[in-house]
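Student: Got a predicted structure plus its sequence, pasted below:
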Amino acid sequence: MRSRADRALALVPTALIAISVLTLYFVEAWLRKTPWVFTDEAEWTQISRAIAATGHAARRGQPIYFKSLYAFLIAPVWWIHSTPAAYAALKYLNATVMSLAAVPTYLLARMFVSRRSAVVVAVLAVLIPGMSYAASIETEVLAYPWYALCSWLIVRALYLRRPLPYALAIGASIAAVLVRSPQFDTVGASFVIAGAGLWVTGARGKAWRANWTRGETFGAIVLLIGGLIVFNRVVLQHIQIWQLSTEYFKRKMIDLGLKAGLAFTVGIGVLPVVGGFASLSLRERRGDPRYRAFAAYLAASILCISLYTAVKAAYLSTVFSTLTEERNLIYLSPLMLVGTAMVFESRRIDWRVVAAASAFVVFLILDKEPNLTFPYFEAPGYAILDLFNRDLRWTVHDLHLLLLGVLGLSLVALAVRRVRAVAAVAAVLVAGWMMTSEIYTTDGTVHYADQFRANLPANLTWVDDADHGRPATYVGDEIVDTNGVLLTEFWNRSIKHVDSLVGADIAPGPTFRPSLVNANGLLSGIDTPYVVGDFGFTLDDKVVESKSTLFGNHLVLYERTGPWRLLDEDQQVYDDSWVPGWSTYTYFKPGQHGDLVIMIGREGYCGNAPPGRATFSVGTVAIREGEPVIKKLLTQRRTLVRDCSSQVVKIPVAQTPVRVVLTFPPGNTFHASPSDPRNLGAQVSFSFVPSPTR
């Protein structure tokens, strides 16, 4: 019998591996300088901060329904006063929690393979490309280890068939829905399907149908099919995502589901997919109830998760974007890796299953084109192909040959798996393949985050520092790129609300619209003592600080000294000063006289566009449905706008408020370049210059 010292020494290599893996993800977390996956990271930040502050989920102060236990997991980090320190703690917490998937994976593997193989499987499970999610504020961080935990508990319960294991498995399955819904509804579904399959093929099921005639067997099959049809019509058809996808987009379901399957196959290194399918038919283990439980649950999980992925991808293609949803398949990784380890330790395997799985992989490789967008958040498994494509200039044909070669090597490894060191070499190669995708994906996301960081002010928390944490409202006008808004909101916790003067929706969370009460610029609907004003308007109040960002935002922090009022506002002016076929400018402060000063031209374009015939209509101001309009036309001016030139137009104004509307007749706009889809009229700058008081 080994002493305690011997057992402790035996754990040293495993501990060193665990520390190395965790160090890798801590380094990746440290490299990520700012969130970049919007709107997801912004939403989970808002919800978790609300939980930390009040104990209740909310977005921008408005309550929201329960979404995930993940928000509660990360909420305590926001008790840290410093936002940079809290964000760092959150990333390290993410890395630790997601890496914990190795523990239940090891326990599951240990039910079937040797201790050494179980350790290898556990390590591989936390080297998958999907581990790149650990540096992001995403539910996958908690969902991935929780699914692994559920897999172990469910297989254990199906094997032991005792009340306590069943209670633990059922409890974990129910909690899974609280971790990631609706996807983790598949956990309970897989549990039920696996249990039913085991009962039907087990001793009791065989005894129950032992005396069935052929007619009774046929009737049972028809009854089962009929029950599934009724369940689909009565229950599932009331679920919008399921109903829309299965009724109208069946082909898209199949296509996008298979594309996600290709991304998963590529990301996990091909061999674990073939090995995982091969583990469903290991004759020498058929008498082992543990193996039967595992095979039943693996088959049920593949069915449920694949179906969910296909349905979700088809639905998203109709309401959002066509995506390769590998991120919904990563939960199969521990199961497929455990199955592959079982295959490598088996004396005999069913080569018919291997051939079928290999044919399926060949079909995926040759029929479904990989998505080589980089970095592709939805499918990090493609990153290794991006490396060959971007850095080595390999074509898609070359990538097909590469993947077919990897499949060939996988089959050779399975054929000679009993040779000493083959399993070790295969594990190292699979680990290297998966880590390459994970690290390359992370490198791409770090680059994105660095670009976002470079676009922000040097002091990320400048609003919090200037208003000393007192509540502020971010007020925007015509915001095209919301990244700057979301990042300013993330780094400055004093920003409690986000408003839009034009009623634009800046997700996630509610976006309010302040009401313009009168022609003097009086605003209602802003109840905070500070406002962060974006490009396109000026408030008539105390300026505390201002910052410019490369997102095109010129941000000004105002402190309220009276009712909030607009000083001026322009519309339809892009952040590079170009305007399309019309634009407006309103100066609200009453009792002024002076000049409207309009700089107009096309200095930024020296092409051959026809001259633009600009018309300036100037008048008094009225408010209709919260929008300023010209109440009485006072004067009109016209001028020609030529390429590569500019001019200043001054229009005397006897009394403010005043509004000017710039228009170009149809056909007087142009496209500056094929890469710029905007119809452009001119570059414009509006201002009102009061006359000196006498």
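Tutor: Alright, I've got the coordinates. This one's a predicted model, so the numbers in the text were calculated from it and none came from an experiment. Residues are numbered from 1 along each chain as shown.
Student: is residue 615 in a bridge, and if so with what?
Tutor: Here residue 615 sits in beta bridges with residue 638, residue 663, going by DSSP bridges.
Student: List the contacts of it.
Tutor: 636-638, 662-665 (Cβ atoms under 8 Å, 6 or more residues apart in numbering). Backbone N, C-alpha and C define where each C-beta goes, glycine included.
Student: And residue 110, by the same measure?
Tutor: Neighbours of residue 110 in contact, by Cβ under 8 Å, 6+ apart: residue 118.
Student: if we can go back for a sec, spatially, which two of the contacts of residue 615 are the most separated?
Tutor: Spanning the widest gap among the contacts of residue 615 are 637 and 665, at 14.9 Å by Cβ to Cβ.
Student: Which pLDDT value belongs to residue 214?
Tutor: pLDDT, residue 214: 68.
Student: And the helix or strand in which residue 301 is found, what's buried?
Tutor: Using DSSP states H and E, residue 301 maps to helix 289-319. Within helix 289-319, the residues scored as buried using 16 or more other Cβ atoms under 10 Å are 291-302, 304-317.
Student: Okay, now the unreliable bits of the chain?
Tutor: 1-12, 205-206, 208-214, 216-217, 219-221, 224, 227-240, 242, 549-553, 693-694 (pLDDT under 70).
Student: max-length helix in it?
Tutor: helix 422-454 (DSSP state H).
Student: Distance check, residue 22 against residue 148.
Tutor: 16 Å (Cβ to Cβ, to the nearest Å).
Student: Mind giving me the packing neighbours of the longest helix of the chain?
Tutor: helix 12-31, helix 115-125, helix 250-267, helix 271-278, helix 383-386, helix 396-415 (3 or more Cβ pairs under 8 Å, 6 or more residues apart in numbering; DSSP states H and E).
Student: Could you dump these into CSV and include mean neighbour count and distance to residue 580?
Tutor: Converted to CSV, the helices and strands packed on helix 422-454 look like this (neighbours: other Cβ atoms under 10 Å; distance: least, Cβ to Cβ, whole Å):
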stretch, mean neighbour count, distance to residue 580
helix 12-31, 15, 41
helix 115-125, 22, 53
helix 250-267, 22, 36
helix 271-278, 27, 51
helix 383-386, 26, 37
helix 396-415, 16, 39
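Student: one step back: weed out the non-buried ones from the contacts of residue 615.
Tutor: Among the contacts of residue 615, those classed as buried by neighbour count (16+ other Cβ under 10 Å) are 637, 662-664.
Student: which of the residues you listed lies closest to residue 501?
Tutor: Nearest member of those to residue 501, counting by Cβ to Cβ, is residue 662, at 18.8 Å.
Student: List the residues that contact the closest one.
Tutor: Counting by Cβ under 8 Å, 6+ apart, the residues that residue 662 touches are 579, 582-585, 598, 600, 614-616, 681, 684.
Student: Mind doing that once more with 7 Å?
Tutor: Taking Cβ atoms under 7 Å, 6 or more residues apart in numbering, we find residue 662 in contact with 579, 582-583, 614, 616, 684.
Student: Then residue 473?
Tutor: So residue 473 contacts 496-497, 499, 526, 528, 531 (Cβ under 7 Å, 6+ apart).
Student: and it, what element?
Tutor: strand 472-476.
Student: and that strand, how far from the chain's centre?
Tutor: Strand 472-476 sits 25 Å away from the centroid of its parent chain (Cα atoms, centre = their mean, to the nearest Å).
Student: For the helix or strand following it, name the packing helices and strands.
Tutor: Once the chain leaves strand 472-476, the next helix or strand it forms, by DSSP H and E, is helix 483-491. Judged by 3 or more Cβ pairs under 7 Å, 6 or more residues apart in numbering; DSSP states H and E, the packing partners of helix 483-491 are helix 40-54, strand 472-476, strand 495-500.
Student: Show me which of these has the highest average neighbour count.
Tutor: Stretch with highest mean neighbour count among these: strand 472-476 (a mean of 26; mean count of other Cβ atoms under 10 Å).
Student: That one pairs with which strands?
Tutor: strand 495-500 (parallel), strand 530-533 (parallel).
Student: The following helix or strand past the longest one - contacts with which helices or strands?
Tutor: Helices and strands here follow DSSP H and E; after strand 495-500, the next one along the chain is strand 515-516. Other elements packing on strand 515-516 under the criterion 3+ Cβ pairs under 7 Å, 6+ apart are strand 523-524.
Student: so can I have a markdown table of the helices and strands packed on helix 483-491 showing distance to residue 658?
Tutor: Shown next, in a markdown table, are those (distance: least, Cβ to Cβ, whole Å):
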| stretch | distance to residue 658 |
| --- | --- |
| helix 40-54 | 38 |
| strand 472-476 | 22 |
| strand 495-500 | 24 |
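Student: now for these, which one comes closest to residue 403?
Tutor: Nearest to residue 403, of the helices and strands packed on helix 483-491 and by Cβ to Cβ, is helix 40-54 at 30.0 Å.
Student: Quick one: list the elements packing against the following helix or strand past the closest one.
Tutor: Note on helix 40-54: by DSSP H and E, the next helix or strand toward the C-terminus is strand 58-59. Counting contacts by 3+ Cβ pairs under 7 Å, 6+ apart, strand 58-59 packs against helix 40-54.
Student: Show me how far the helix it packs on is from its chain's centre.
Tutor: With Cα atoms, centre = their mean, you get 16 Å for helix 40-54.
Student: Which strands and helices lie in contact with that helix?
Tutor: By 3+ Cβ pairs under 7 Å, 6+ apart, helix 40-54 packs against strand 58-59, helix 69-74, helix 483-491.
Student: Direction included, what does the next helix or strand after the shortest one pair up with?
Tutor: The element immediately downstream of strand 58-59 (helix or strand, assigned by DSSP H and E) is strand 62-63. Using DSSP bridges, the neighbouring strands of strand 62-63 in the sheet come out as strand 58-59 (antiparallel).
Student: wait, which of the contacts of residue 615 is closest to residue 486?
Tutor: Out of the contacts of residue 615, the member with the shortest distance to residue 486 (by Cβ to Cβ) is residue 662, at 31.2 Å.
Student: I'd assumed residue 652 was in contact with residue 637.
Tutor: No - counting by Cβ atoms under 7 Å, residue 637 stays clear of residue 652, with 10.8 Å between them.
Student: OK, contacts around residue 266?
Tutor: 370, 381-382, 384-385, 403.
Student: go again using 6 Å as the cut-off
Tutor: residue 381 (Cβ atoms under 6 Å, 6 or more residues apart in numbering).
Student: For it, give its distance to residue 365.
Tutor: Taking Cβ to Cβ, one finds residue 266 at 9 Å from residue 365.
Student: Residue 138: neighbouring residues, count only.
Tutor: 20 (other Cβ atoms under 10 Å).
Student: Backbone torsions only: list them for it.
Tutor: Here is the backbone geometry of residue 138 (degrees, to the nearest 10): phi -140, psi 150.
Student: That one and residue 380, how far apart?
Tutor: Residue 138 is 12 Å from residue 380, by Cβ to Cβ.
Student: for residue 560, same thing?
Tutor: 46 Å.
Student: Distance to residue 539 and mean neighbour count added to the helices and strands packed on helix 40-54, as JSON lines?
Tutor: Output for the helices and strands packed on helix 40-54, formatted as JSON lines (distance: least, Cβ to Cβ, whole Å; neighbours: other Cβ atoms under 10 Å):
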{"stretch": "strand 58-59", "distance to residue 539": "25", "mean neighbour count": "18"}
{"stretch": "helix 69-74", "distance to residue 539": "34", "mean neighbour count": "21"}
{"stretch": "helix 483-491", "distance to residue 539": "17", "mean neighbour count": "23"}
